[in-house]
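Colleague: how would this look folded up:
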Amino acid sequence: MDGHVAKNNESTFPSFVDLDDFLTKHNSNFIWLLVATILSCGWIIYLTYYNSRNIGLILTLIINRLYKDGYIHIGSFSFSVLSGKVMFRDVYYINQDMSIRIQDGFLIFRWWKMYNPKQKQHDPKAETRLYVTVNGFEFHVYNRTDLYARLQETFGLEPTLLTPKKDEERGREDRNKTLESVNIKAESQDPTSSWRSLIPVIKVNISTGRLAFGNHHLPQTLCVNFEDAFLTYATKPPSSHLDQYMHIVKGSLENVRVMLVPSPRYLGMQNDEPPRLMGEGFVVMQSNDVDIYYYQDEPGLVPVEQESGEEAETCSEGDKLQDLPPCWGLDIVCGKGTDFNYGPWADRQRDCLWKFFLPADYQAMKVTEVAQPGKPRQIQAFELRMNIIADATIDLLFTKNRETNAIHVNVGAGSYLEVNIPMTVGENGYSPTIKGQLLHVDTTSSMQYRTLLEAEMLAFHVIASYPRVWNMPQSWQCEIEVYKATYHFIYAQKNFFTDLIQDWASDSAPDIYSFVPYSWKFKILFHQFEMIWAANQHNWIDCSTKQQENVYLAACGETLNIDFTLPFNEFVPTTCHTRFSLKAEDTDMRLSLPECHPSRYPLLTLAKDYQNVKLPPDMFMPGENQAAPPPKPSKSRWRNITHAEAGWVDCWSVPNFLLIIDYTWHPIYPQKADEQLKQSLSEMEESMLSALRPPEHTSVPHNAPPRFATSSSAAHSRVPTDPSELPPDRLHVEMEMSPDSQIILYGPLLRALISIKENYFGEDDMYTDFEEAVSSPVLSTSTSSGLGWSPLGMEDREQKEASDLHPLDLRPWDITVLINLYKVHGRLPMHCSSEGPEGPSGFLERLCFEMKKGYKETMLQLLLSPIHIFVSDNYQ
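Modeller: Next comes the predicted model:
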């Protein structure tokens, strides 16, 4: 029985001897070839498809076991020693604050390049040994855990993010970091001691990259997308001999687009819609070509002060001039196809991102200590400079009743922007600055009358002063200089810019806990300007772009200085006050009539034939024995549109012009409008006599409709009131013209001045486009800044607007005007020759006009000195 079992086992499981005998008898070369082929194919398939993945898996396990501050994933990894190439795919690095993702890439180290130990140290033109190519790069910042953990510790909250470190451990770490930094600073002068001598230059190519800042707690995420980036890292000698070297990263990016895109899985409601969408979201900036240059000095150590005078003399003047703080900055150059889009909506998203990533700690800032000898030098500021080397566009977008409006600005090549952000805090805080200039500015609006501003150059400089205490008063100064500007002004622009300001203003209720007092000081200076006023009768305006049939008056001058301050120093003030000061020099008034105007050619002929004959000396200074000098011939002045060849006629010349406007108004807070209304009523009641005060409010009859109503939910609780009884807003205007102004009294000029008075300060402040149907005015109180209306349903629209108005919007005005003119010389032109009689002329010593206008009455007063009229006649 046992022998039978053994025999079966031998037949079932042959021994190696049996297999060898079997293969020897049957010629096994083919079988060995087949086995070798199968194993080779399997090995090749493994090396091709699985080896790099397994190596990546092994590296992922090893790295994550050693590194505990994040998660690193390597999908595949392979290398070649012969070519010096390392390839990788699906590389992720994720921690609590950010993530870095790379779809695939490779790096090449040219180890076969000969190393020259005598090469120049920190040479940006040195030979490149390391190339890095990355495809599908993404860098996403979504949190700042360390900062919020520090805020929890500052506010005394229970730590939930990170366990706060003990002071001793933190001090020990700071000391270790200081020692390490000092050791790093003390770099040997031998180039062989640094890896930068082996790899002085690194080139990086990125295909399809993206930088993102945001998370699902924010409504919008800031994204920077680009298609191709070619970057080069190198070092070069520092800007100061006290520092070690300078890091530089330069390169070019193609098809750059900065966008605000909706955050996926946002926890809130997207109620604030962007004014314009392009692709994934709102485009803030885009450009076809962008060049960047990033530089940062590696700080050295603060030298020990030299005590002896002999050692001080050994320092050259060049070294003293180079004792500047370490430099840190970024230069950006934008090429063709550059567009910028901004506005109230984009600014609200910027503020939301700023508050999340840079939250305020509400602590007094500490003064930065001056670095002591032997310590690393301090970087004083970060400098950002953006240059535009091609034509670009800037759009300022805002919405009114879900309708998009825009201010479109075209700028030319050579425009730039500079931002200086201090990195240190002084006794008075710190002061960042913004300055720049825009060349060949051409500004239009989305109104039907599109033309707005043309200027050769617009320069601006903004200085912000932040105190060390977060809620102490801040001071902002803005200086603007405009050269060779032409501004087209119509009254409807007042409502257009009002809508822009209202959209920019915060809709949230005032909060005393976050209130920061501040003030804006504006200084605007125009060099050689033209201000065009539309003077058509009844404010009909031709809004076409070519061959406009409009009567224009232009105020032109050499300089115009505008100063005013916007104070926001009180929390929810009852009234606000500001003062505008306008000073102009060498100002002229010019008149233009369209081709279709019947008085155009008679006016041009009269202006051409009229001779500026010298007037009698006694008309300039009547009552004095000494005669004043005759008027000086006017020098040639800059003209852009108001050329005499284009039909413009000089009518009035003023050496100096002064306009002062004092404006006091009652601000309206949307969330507290009803409370403000009730408060105003209580103040009026207290001002009344107790005997005349009614014991109770008179009830309104049921059949009588309310005088004012609103569509809000609080309309039923609003106290009906007459807006004329509210305390008025006050406007005080003073205008003064310097002596010896010259006026030529053309007939069309008087008619144009009357039209200006009605179109800008009278009942015709609603303008109508020629192309629209008759009786379709553009309402000055329109709910749309587009300012285009059709006559259909006008009454219903007016009723709807009246129902949407709050009584506080209809607060009355208290206006006072004071106008003073001194020594005005007037002439009545006529067709004459040098041999003919002189034209009639007149002289007015002083004119004083006063107006006091309220809701119920208007008082006017006009004071005139004796008028001297001169008429000459040589008829015999």
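Colleague: what's in contact with the helix or strand where Ser197 lies?
Modeller: Using DSSP states H and E, Ser197 sits in helix 195-198. Defining contact as C-beta atoms under 8 Å, 6 or more residues apart in numbering, one finds that helix 195-198 is touched by 115, 117, 119, 121-122, 129, 191, 235. For glycine as for every other residue, the C-beta is placed from the backbone atoms N, C-alpha and C.
Colleague: Run through the stretch 701-850 of the chain and note the low-pLDDT ranges.
Modeller: Filtered on pLDDT under 70, the stretch 701-850 of the chain yields the residue ranges 701-721, 772-804, 833-837.
Colleague: Show the model's pLDDT score for the residue most central in space within the chain.
Modeller: What sits nearest the mean C-alpha location of the chain, by C-alpha atoms, centre = their mean, is Tyr342, with 6.6 Å. Listed pLDDT for Tyr342 reads 95.
Colleague: And it, how far from Pro124?
Modeller: Tyr342 sits 36 Å away from Pro124, going by C-beta to C-beta, to the nearest Å.
Colleague: one step back: filter the contacts of helix 195-198 down to the buried ones.
Modeller: Among the contacts of helix 195-198, those classed as buried by neighbour count (16 or more other C-beta atoms under 10 Å) are 121-122, 129, 191, 235.
Colleague: Between those residues, which sits nearest Ile394?
Modeller: Thr235 (36.6 Å; C-beta to C-beta).
Colleague: Surely Phe356 and Gln220 touch.
Modeller: No: in this structure, Phe356 is not within contact of Gln220 by C-beta atoms under 8 Å, at 10.9 Å.
Colleague: So the two - more neighbours on which side?
Modeller: A direct count of neighbours by other C-beta atoms under 10 Å for Phe356 and Gln220 places Gln220 higher, at 25 against 17.
Colleague: just to revisit the earlier point, report the rounded mean pLDDT for the helix holding Ser197.
Modeller: Computed over helix 195-198, the mean pLDDT rounds to 79.
Colleague: Check the offset of the next helix-or-strand element following that helix from the chain's centre.
Modeller: Downstream of helix 195-198, the first helix or strand assigned by DSSP H and E is strand 201-213. Centroid separation for strand 201-213 versus its chain: 27 Å, with C-alpha atoms, centre = their mean, to the nearest Å.
Colleague: Give me the helices and strands touching the very next helix or strand once past strand 201-213, please.
Modeller: For strand 201-213, the succeeding helix or strand toward the C-terminus, using DSSP H and E, is strand 220-236. Identification of packing neighbours for strand 220-236 by 3 or more C-beta pairs under 8 Å, 6 or more residues apart in numbering; DSSP states H and E yields strand 201-213, strand 245-262, helix 344-357.
Colleague: for this protein, what helix or strand is lowest in average pLDDT?
Modeller: In the chain, no helix or strand scores lower on mean pLDDT, DSSP states H and E than helix 309-314, which sits at a mean of 46.
Colleague: Run a quick neighbour tally on His732.
Modeller: Residues near His732, counting by other C-beta under 10 Å, number 16.
Colleague: Quick check: Ala636 vs Phe230, distance?
Modeller: Small correction: residue 636 is Ser, not Ala. For Ser636 relative to Phe230 (C-beta to C-beta), the value is 52 Å.
Colleague: So if I had to pick from those two, which one is more boxed in?
Modeller: Phe230 (14 against 5).
Colleague: Now do the contacts for the more buried one.
Modeller: Contacts of Phe230 (C-beta under 8 Å, 6+ apart): 203-205, 251-253.
Colleague: Adding pLDDT, neighbour count and distance to Tyr855, write those out as JSON lines.
Modeller: Listed next are the contacts of Phe230 as JSON lines, based on pLDDT from 0 to 100; neighbours: other C-beta atoms under 10 Å; distance: C-beta to C-beta, whole Å:
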{"residue": "Lys203", "pLDDT": "94", "neighbour count": "17", "distance to Tyr855": "74"}
{"residue": "Val204", "pLDDT": "96", "neighbour count": "19", "distance to Tyr855": "70"}
{"residue": "Asn205", "pLDDT": "96", "neighbour count": "16", "distance to Tyr855": "71"}
{"residue": "Gly251", "pLDDT": "94", "neighbour count": "18", "distance to Tyr855": "65"}
{"residue": "Ser252", "pLDDT": "96", "neighbour count": "17", "distance to Tyr855": "64"}
{"residue": "Leu253", "pLDDT": "96", "neighbour count": "22", "distance to Tyr855": "60"}
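Colleague: Closest to Ser544 out of those?
Modeller: Leu253 (41.6 Å).
Colleague: Surely that closest one and Val224 touch.
Modeller: No: between Leu253 and Val224 there is no contact under C-beta under 8 Å: 9.3 Å.
Colleague: before we move on, the earlier item: mind putting the helices and strands packed on strand 220-236 in TSV, distance to Gly105 included?
Modeller: Listed next are those as TSV, based on distance: least, C-beta to C-beta, whole Å:
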stretch	distance to Gly105
strand 201-213	9
strand 245-262	16
helix 344-357	28
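Colleague: And the ones you listed: which comes nearest Arg150?
Modeller: Proximity to Arg150 (C-beta to C-beta) singles out helix 344-357 among those, at 14.0 Å.
Colleague: Please work out which residues outside stretch 805-820 touch it.
Modeller: Stretch 805-820 is touched from outside by 666, 668, 673, 676-677, 708, 710, 721, 723-724, 726-737, 846-855, with contacts defined as C-beta under 8 Å, 6+ apart.
Colleague: Tell me the buried residues in it?
Modeller: For stretch 805-820, by 16+ other C-beta under 10 Å, it's 805-808, 811-812, 815-819.
Colleague: which helices and strands sit right next to the host helix or strand of Lys521?
Modeller: Per DSSP H and E: Lys521 is located in strand 518-534. Judged by 3+ C-beta pairs under 8 Å, 6+ apart, the packing partners of strand 518-534 are strand 474-489, strand 552-568, helix 747-761.
Colleague: Reformat those as CSV; add mean neighbour count and distance to Pro262.
Modeller: Converted to CSV, these look like this (neighbours: other C-beta atoms under 10 Å; distance: least, C-beta to C-beta, whole Å):
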stretch, mean neighbour count, distance to Pro262
strand 474-489, 18, 32
strand 552-568, 18, 32
helix 747-761, 17, 43
